[in-house]
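S.K.: Got a predicted model here, sequence first, then my questions.
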Amino acid sequence: MFCCYGDTMMTTTPYEALVESAARLTDIDTLARIDASHASTASELLIQNEGALESARRVLGPTCVVSLRYEEAFFAKHCDHLLHLRNLARAFRAEARLAASRNDLRTAARINIDILELANAVRRGGLVVSLNVGIGFSGIAMDILRKIRTKIDHSARRLVIDELHRLEAERESFVDVVARDRDWEIAVGYEDKTFDFMSLKMDDPEECGVSEEEQMAVRQLLQQMSDLPKSDFRKMQSDGDCHILALMRLLAVDLAIRECHATSGSIPNRLSSLTPQPFAELPHDPFTEKSFIYRRINATSFDLYSTGPKLLDGGGHFGPWWDVAAGCADLCLDADNYTQA
C-alpha cells in the first residue's frame, strides 16, 4: 500500500493503514453511548464514518501485523494507536447492535467477525499490552454473538462456525506474544514501573454510565493485579486468554448443536456426533485439552460448559468469570448473565 505526501511516496503497512483509518473516526463517544432507541442517530453517525470503517475493513486479515519497533519510545506511541483502535472496535460494536436491533442478524454476525479480526490484528506481532487489548475486543464480539446465537438462521450459523475456525487458526499464541514481549523489554532495557491506580481521577458517572463505587472496585482490582508477582500476573493473563478461546470454541459447538436440531429435529446425544461435519475435529476445552462437558437434557435443551482454570467440574453450576477463575463456578457462554457469588 502506498501513500503520497507531497512529492514523496511512502509505503504504509496494513496495520499502519488500519490505525490511520481508525484515527479518522468522529463522534465515537456519542455513538458508543446511544442505544437501540436512538437508531436513526446511530445510523447517521455510522454513515458519517462509513469511509473510515470500510477502509479499516479492507486491511484486516493475516497480513495486518503490528509494526513493532525495538525502541522504548515505541511503547507510548503504540498505546496511542491502541486508543484509536479501541474507537474502531466501539464503532463496529455500534454497527452490530444497530443491525441486531433491525433483526439483520447475519449482518450483525458478520460485523462481530470483523471485531474478532481486529482482535487478531492488534495482538499479531505486538506486545502483551496489545494482546490484552485484543482480549477485550474479543470480549465485545463474543458478548453480542452469544446473545444472538439462538436467533440466527442456518446460513449465519455456518458463517460463524467457519469463521471462528479460521480466526483461531490465524490467532497468534499467548506464548509467542509473551516471548516477543520479553525480547522487546531486554532489547530496550525496559523496566516495569509501579502505577498507582487509586490516584486516577474519577469519571463523571452520568457521562460514563459507571457509578463511583463501580469505578473504585475496578481500580482496586487493577491495583491488586499490578501488585502481583510477575509469574502470578502472567498466569492470570494466560487464563484470560484461554477464557476467550474457550468462549469462541463453546460458541462454535453450541451453534453446531443448534444446527443439528434444526436439521434433524433433535439435539445430539454426544458431541462426537458433530464430526466429521461440521467439525473435522471436535473443538476441545483449552483449559483441559479434553472435550467440553456436554449434557443433553431433552430433545431441545442442553448444558455445555468448561471447567475453567481450576479444572473442577461443578456439575453445571454457572457463574461469572471471576467465580469461574476462583473455582466456584463452571464457564458457560452466558457467564455474563450471572452475578458474582
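M.R.: Okay, I see it.

S.K.: domain ranges for this protein?
M.R.: What automatic domain parsing lists as the domains of the chain is 2-180, 235-337.

S.K.: between those domains, which one is nearest to G189?
M.R.: domain 2-180 (7.3 Å; C-beta to C-beta). For the C-beta atoms, the positions are set from N, CA and C on the backbone; glycine is no exception.

S.K.: Look through this protein and tell me its longest helix.
M.R.: helix 230-264 (DSSP state H).

S.K.: what pairs with the following helix or strand past that helix, and is each one parallel or antiparallel?
M.R.: Sequence order places strand 293-296 as the next helix or strand after helix 230-264, per DSSP states H and E. The pairing partners recorded for strand 293-296 under DSSP bridges are strand 302-305 (antiparallel).

S.K.: before we move on, back to that, check which helices and strands the longest helix of the chain sits against.
M.R.: When contacts are defined as 3 or more C-beta pairs under 8 Å, 6 or more residues apart in numbering; DSSP states H and E, helix 230-264 packs onto helix 128-148, helix 154-169, helix 174-188, helix 212-226, strand 302-305, helix 321-325.

S.K.: Quick check: which of the ones you listed is nearest to L250?
M.R.: strand 302-305 (6.2 Å).

S.K.: For the closest one, what does the pLDDT average out to?
M.R.: Averaging the model's pLDDT scores along strand 302-305 yields 98.

S.K.: swap in stretch 65-84?
M.R.: Stretch 65-84 comes out at a mean pLDDT of 94.

S.K.: Going forward, count from 52.
M.R.: In the new numbering, first residue 52, that becomes stretch 116-135.

S.K.: hmm, who's touching it?
M.R.: Residues from elsewhere that reach stretch 116-135 (C-beta atoms under 8 Å, 6 or more residues apart in numbering): 64-67, 70, 73-74, 76, 172-178, 180-181, 184, 231, 235, 238-241.

S.K.: how close does R84 get to R141?
M.R.: Separation of R84 from R141 (C-beta to C-beta, to the nearest Å): 10 Å.

S.K.: of those two, who's got more company?
M.R.: Neighbour totals were compared for R84 and R141, and R141 leads with 19 against 13 (other C-beta atoms under 10 Å).

S.K.: Just give me the neighbour total for the residue lying closest to E221 once chain neighbours are set aside.
M.R.: Of all residues not flanking E221 in the chain, P113 sits nearest, at 5.3 Å (C-beta to C-beta, 6 or more residues apart in numbering). Neighbours of P113 under the rule other C-beta under 10 Å: 13.

S.K.: and P113, that's in a strand?
M.R.: No. Looking at P113 with DSSP: H, G, I helix; E, B strand; the rest coil, it is coil, so not inside a strand.

S.K.: Which residue comes closest to G177 once chain neighbours are left out?
M.R.: Nearest to G177 is V117, by C-beta to C-beta, 6+ apart, at 3.7 Å.

S.K.: Does that neighbour belong to a helix, a strand or coil?
M.R.: Secondary structure, three-state DSSP: V117 is coil.

S.K.: can you list the weak-confidence ranges in the stretch 252-392 of the chain?
M.R.: 253-262, 265-266, 268-277, 279, 391-392 (pLDDT under 70).

S.K.: on that earlier part again, which one of the helices and strands packed on helix 281-315 lies nearest to L384?
M.R.: Per C-beta to C-beta, nearest to L384 of the helices and strands packed on helix 281-315: helix 179-199, 4.5 Å.

S.K.: packing partners for that closest one?
M.R.: Against helix 179-199 (3+ C-beta pairs under 8 Å, 6+ apart) you get helix 124-152, helix 156-174, helix 225-239, helix 281-315.

S.K.: just those: most buried one?
M.R.: helix 156-174 (a mean of 23; mean count of other C-beta atoms under 10 Å).

S.K.: re the thing from before, find out how far the longest helix of the chain is from the centre of the chain, if you would.
M.R.: 11 Å (C-alpha atoms, centre = their mean, to the nearest Å).

S.K.: count of residues packed around the closest residue to A140 other than its chain neighbours?
M.R.: Spatial nearest neighbour of A140, excluding adjacent residues (C-beta to C-beta, 6+ apart): F188 at 4.8 Å. Using other C-beta under 10 Å, F188 has 27 neighbouring residues.

S.K.: what do you get for I98?
M.R.: Neighbour count for I98, taken as other C-beta under 10 Å: 10.

S.K.: tell me the secondary structure for it?
M.R.: Quick answer, by three-state DSSP: I98 is helix.

S.K.: Tell me the spacing between it and R157.
M.R.: 20 Å.

S.K.: Next: S106.
M.R.: Applying C-beta to C-beta to S106 and R157 gives a distance of 23 Å.

S.K.: and if you look at Y121?
M.R.: Y121 sits 43 Å away from R157, going by C-beta to C-beta.

S.K.: so which helix or strand takes in E105?
M.R.: If you go by DSSP H and E, E105 is part of helix 101-110.

S.K.: helices or strands up against that helix?
M.R.: Helices and strands touching helix 101-110, by 3+ C-beta pairs under 8 Å, 6+ apart, are helix 65-74, helix 124-152.

S.K.: hmm, 6 Å instead?
M.R.: Applying 3 or more C-beta pairs under 6 Å, 6 or more residues apart in numbering; DSSP states H and E, one finds that helix 101-110 makes contact with helix 65-74.
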